[in-house]
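**Q** Sequence and computational prediction follow.
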Amino acid sequence: MEFAALAERAERVAAHDGDIETTLAVADLLADAGDGGADRGAGDDLSVVVRFLLGRVFPAHDTRTLDVGPALCREAVARAAGPNVDAADVEDRLAERGEIGAVAAAYDFGGQRGLAAFGSGRDALTVAAVDEELRDLAAASGDGSESRKRDALFGLFTRCSPSEAAFLARLVLGEMRLGVGEGTVRDAIAEAFLSPETPTDDSDESDGDHDGPADGDDPELAAPADAVAAVERALHVTNDYGRVAVRARDEGIAGLRAESLRVGRPVQAMLAQAGTATDAVDAFGEVAVETKFDGARVQIHYAPDGAEADDDAPDDDAPDSDDSPLGPRLYSRNMDDVTEALPEIAEFVADRVDVPVILDGEVVAVDDDGDPLPFQEVLRRFRRKHDIDRMRETVSLRLHAFDCLHADGDDLLDEPLRVRHDRLREALPDAAADLTLAGDADAIAAEERAALDAGHEGVMLKNPESAYTPGDRGRDWLKRKPDVETLDAVVVGAEWGEGRRAELFGTFLLAVRDGDGASDPDGRDAAGRDPDDRDAGDLAPPGYATVGKVATGITDEALADLTARLEPLVVEETGTTVAFDPELVVEVGYEEIQTSPTYSAGYALRFPRFVGVREDKDVDGADSLARVRRLAGDD
Ligand code: AMP
């Protein structure tokens with residue numbers, strides 16, 4: 001495919017603004033790029049076009065980079081623009097236009113050299129040639145590599161039309177601005193090669209004859225959901241959009257399903273969302289609780305007896321595609337190879353693991369007692385290229401592995417977490433993080449306290465039945481959000497305990513000050529209810545509005561103390577429920593404040609937790625309904 005054709009098609013893609021239109025336009029482009037007939041051979045541009053659209057020359061798992069910064073790109077543009085232009089001029093234009101592609105296009109390099117007159121006689125760039133030149137450029141290293149890169153880039157720019165120059169400049173800086181994200185490319189691959197309507201005839205390169213809708217119709221994607229899912233899964237395990245597109249085209253869904261993880265080819269890390277203990281219990285029932293280590297993410301690949309060969313790769317792009325033993329390789333969260341910087345972690349793994357593995361974990365800096373140090377310490381080690389031995393003496397590291405994606409020939413991504421964790425413990429017991437199953441928020445709180453006491457950041461709450469979904473920030477991993485602020489509430493009622501605790505109060509009714517409620521002429525509460533509609537247990541004294549009941553976090557000792565202090569304040573007793581004169585102020589934690597008709601404030605504390613008595617406060621210092629509204633985000 002000519003590079004000019006790609007650049008022009010990309011401009012057209014960028015002009016679409018609907019999700020589906022964009023996807024269909026990309027699908028057309030991929031179908032054309034991948035349409036070289038039966039013997040595509042060297043004419044097969046599909047994988048390159050897919051990567052280029054995503055602003056990449058190498059697949060995401062490949063640690064090679066162009067290493068072309070904005071300054072170098074500006075210099076190459078300036079040189080290609082002719083003797084009267086310098087880098088400062090390019091910079092000025094950049095300040096005006098805000099984007100290097102538009103600046104490069106405006107210089108019209110072909111025109112500068114008088115080539116425009118030759119029209120199509122120009123020595124046309126092809127997609128394959130640009131790809132090759134950029135790969136050569138990436139390989140330049142050592143002394144003088146910067147100027148060689150500048151020369152190579154200059155050479156390319158001088159052969160570019162305006163739209164090619166814009167595409168090239170954006171590509172080398174990884175800023176494509178086409179409005180084409182990874183999700184669009186995923187859907188477009190499915191649409192182009194796996195939809196029931198995928199054309200099998202030779203399509204004309206220029207008119208985009210993919211079976212898209214006629215003008216005026218509402219466009220619709222035709223690829224079925226299982227095709228999209230197959231593409232997504234293949235992307236997860238290969239981490240290579242170009243490869244997956246070729247597989248989809250050549251071998252269809254079956255080919256995609258045959259894709260597997262490979263030791264030595266990093267995948268995207270699974271990510272977490274913020275969530276609370278109750279969120280986790282509500283969503284998962286039983287919750288897998290792990291320590292949240294405050295360090296840097298690391299993905300470990302190790303094949304003591306040789307990485308699996310990858311003979312049938314659609315392109316032989318990947319390094320390490322032979323089956324020689326692969327020493328431990330460590331990758332950062334962004335899939336940079338950080339092995340050299342962390343030699344003791346690599347040694348630790350090599351000494352202990354005897355089957356091929358892909359593990360996920362966190363590297364933490366520790367002090368002489370092995371206690372964790374703040375995250376900043378680990379950063380002093382993580383990307384270091386020099387002085388590694390000296391820093392190894394200064395900052396000690398420890399690995400905590402928490403997941404296992406592959407072990408001994410088995411891909412485990414689709415296995416539930418608890419199974420993956422068992423495999424992790426088998427493979428590397430010395431570094432496997434503990435996983436505790438907890439059935440309620442109290443048990444989670446206890447784990448969190450233990451993790452905090454040991455100097456860690458908190459806890460991660462995971463669905464024990466969940467698969468490992470690379471790159472996904474889903475709801476199966478929750479990083480526990482700490483209680484934001486506590487509330488100082490007045491104890492206005494209680495219920496007697498049961499059984500062994502029948503002599504003590506067990507549950508305490510909490511209220512905040514409510515200046516408005518007291519003066520409401522109808523006697524309606526803040527939840528809008530008539531006094532007759534409230535039950536006895538929810539009767540707040542005038543000037544107060546109830547917000548919840550607390551029964552958690554109270555030690556036996558505190559319970560006895562609270563009972564002794566509150567008994568003299570009882571003003572009313574109905575069954576096991578009592579009401580108090582408002583005098584005692586307690587501090588309570590909670591996970592969230594929700595609107596709720598249950599209490600007279602119109603709000604309820606979610607998962608309230610007793611922190612302690614506010615000895616220093618009387619009721620006038622207790623929190624107000626106005627503050628509750630603010631904390632709930634309503635004011
Ligand atoms: P955050 O960086 O705040 O989004 O939190 C997610 C990060 O916590 C992950 O990317 C890991 O680097 C780190 N982490 C620490 N401990 C764990 C764990 N047990 N499971 C998963 N991630 C963890």
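**A** Sure, I can see it.
**Q** Point me to the residue of the stretch 451-600 of the chain nearest the ligand.
**A** Closest to the ligand within the stretch 451-600 of the chain is residue 460: 4.2 Å, counting by CB to the nearest ligand atom. C-beta coordinates here come from the backbone N, C-alpha and C atoms, glycine included.
**Q** shouldn't that residue be in contact with residue 289?
**A** Yes - when contacts are counted by CB atoms under 8 Å, residue 460 is listed as touching residue 289 (7.4 Å).
**Q** what about those two, which has more around it?
**A** The residue with more neighbours, out of residue 460 and residue 289, is residue 289; 26 against 23, by other CB atoms under 10 Å.
**Q** If you count neighbours, what's buried in the strand ranked longest in the chain?
**A** The longest strand of the chain (DSSP state E) is strand 396-407. By 16 or more other CB atoms under 10 Å, the buried positions in strand 396-407 come out as 396, 397, 398, 399, 400, 401, 402, 403, 404, 405, 406, 407.
**Q** Let me know whether the second one touches residue 343 as I believe.
**A** No - distance between residue 397 and residue 343: 9.8 Å, which falls outside the contact criterion (CB under 8 Å).
**Q** sorry, back to before: need the buried residues of strand 396-407 in TSV with pLDDT, can you?
**A** Listed next are those as TSV, based on pLDDT from 0 to 100:
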residue	pLDDT
396	96
397	97
398	97
399	98
400	98
401	98
402	98
403	98
404	98
405	98
406	98
407	97
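**Q** from these, which is closest to the ligand?
**A** residue 402 (4.1 Å).
**Q** Isn't the closest one up against residue 364?
**A** No - taking contacts as CB under 8 Å, residue 402 lies outside contact range of residue 364: 11.8 Å.
**Q** Provide the secondary structure category for residue 571.
**A** strand (DSSP: H, G, I helix; E, B strand; the rest coil).
**Q** pLDDT wise, what is it at?
**A** For residue 571, the pLDDT comes out at 93.
**Q** and this structure, what are its domains?
**A** Per automatic domain parsing, the structural domains of the chain span 1-54+177-259, 63-175, 273-480, 486-631.
**Q** would CSV of those with distance to residue 267 be doable?
**A** What follows is these, written out as CSV (distance: least, CB to CB, whole Å):
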stretch, distance to residue 267
domain 1-54+177-259, 5
domain 63-175, 13
domain 273-480, 4
domain 486-631, 33
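**Q** out of those, which comes closest to residue 266?
**A** Distance to residue 266, taken as CB to CB, is lowest for domain 273-480 among the domains of the chain, at 4.2 Å.
**Q** just how off-centre is the closest one within its chain?
**A** 15 Å (CA atoms, centre = their mean, to the nearest Å).
**Q** how long is that domain end to end?
**A** 9 Å (CA to CA, to the nearest Å).
**Q** Residue numbers of the stretch 201-350 of the chain in contact with the ligand?
**A** 269, 271, 272, 290, 291, 292, 293, 297, 333 (CB under 6 Å from any ligand atom).
**Q** Please flag which of those residues sit within strands.
**A** Reading strands off these with DSSP E, I get 271, 272, 290, 291, 292, 297.
**Q** Farthest-apart pair in those, please.
**A** Farthest pair in these, by CB to CB: 271 and 291, 17.4 Å.
**Q** Which one's more surrounded, the two?
**A** Using other CB under 10 Å, the more surrounded residue of residue 271 and residue 291 is residue 291, with 25 against 15.
**Q** Assign the residue of the stretch 451-600 of the chain closest to the ligand to helix, strand or coil.
**A** Following three-state DSSP, the label given to residue 460 is strand.
**Q** Tell me what it is bridged to.
**A** residue 290, residue 479 (DSSP bridges).
**Q** average model confidence for stretch 244-264?
**A** 96.
**Q** So which bits of that stretch are buried?
**A** 244-249, 251, 253, 255-256, 259, 261-264.
**Q** and which of those residues is nearest the ligand?
**A** Closest to the ligand, out of all of these and judged by CB to the nearest ligand atom, is residue 261, at 18.7 Å.
**Q** doesn't residue 359 make contact with the closest one?
**A** No - counting by CB under 8 Å, residue 261 does not reach residue 359; the two are 12.0 Å apart.
**Q** how much space between residue 139 and residue 383?
**A** 22 Å (CB to CB, to the nearest Å).
**Q** so who does whatever residue of the stretch 1-150 of the chain ends up closest to the ligand touch?
**A** In the stretch 1-150 of the chain, the residue found nearest to the ligand is residue 60; the distance is 16.7 Å by CB to the nearest ligand atom. By CB atoms under 8 Å, 6 or more residues apart in numbering, residue 60 lies in contact with 239, 240, 241, 268, 335.
**Q** For the second one, grab the count of nearby residues.
**A** One way to gauge burial is a neighbour count; for residue 240, by other CB under 10 Å, it gives 28.
**Q** Excluding chain neighbours, give the residue nearest to it in space.
**A** residue 59 (3.7 Å; CB to CB, 6 or more residues apart in numbering).
**Q** Phi, psi for that neighbour please.
**A** Residue 59 adopts backbone torsions of phi -60, psi 160, taken as degrees, to the nearest 10.
**Q** Up against the ligand, what does the protein have?
**A** Contact residues, the chain versus the ligand (CB under 6 Å from any ligand atom): 269, 271-272, 290-293, 297, 333, 362, 402, 433, 460, 479.
**Q** Repeat the analysis, applying 8 Å as the threshold.
**A** 269-272, 290-297, 333, 360-362, 400, 402-403, 433, 457, 459-460, 462, 477, 479 (CB under 8 Å from any ligand atom).
**Q** which residues sit in contact with residue 491?
**A** 508, 509, 510, 511, 562, 566, 580, 582, 584, 585, 586.
**Q** can you confirm the fourth one is in a strand?
**A** In this case it means residue 511. Yes - according to three-state DSSP, residue 511 belongs to a strand.
**Q** What's opposite it in the beta bridge?
**A** Residue 511 forms beta bridges with residue 490, residue 546, as assigned by DSSP bridges.
**Q** what's around it, how many residues?
**A** 28.
**Q** ok, it touching residue 490?
**A** Yes - in this structure, residue 511 is within contact of residue 490 by CB under 8 Å, at 5.0 Å.
**Q** shared neighbours of those two, anything?
**A** Joint contacts of residue 511 and residue 490 (CB under 8 Å, 6+ apart) are 544, 582.
**Q** Nearest to residue 97 among the buried residues of stretch 244-264?
**A** Using CB to CB, the buried residues of stretch 244-264 come closest to residue 97 at residue 245, 32.4 Å.
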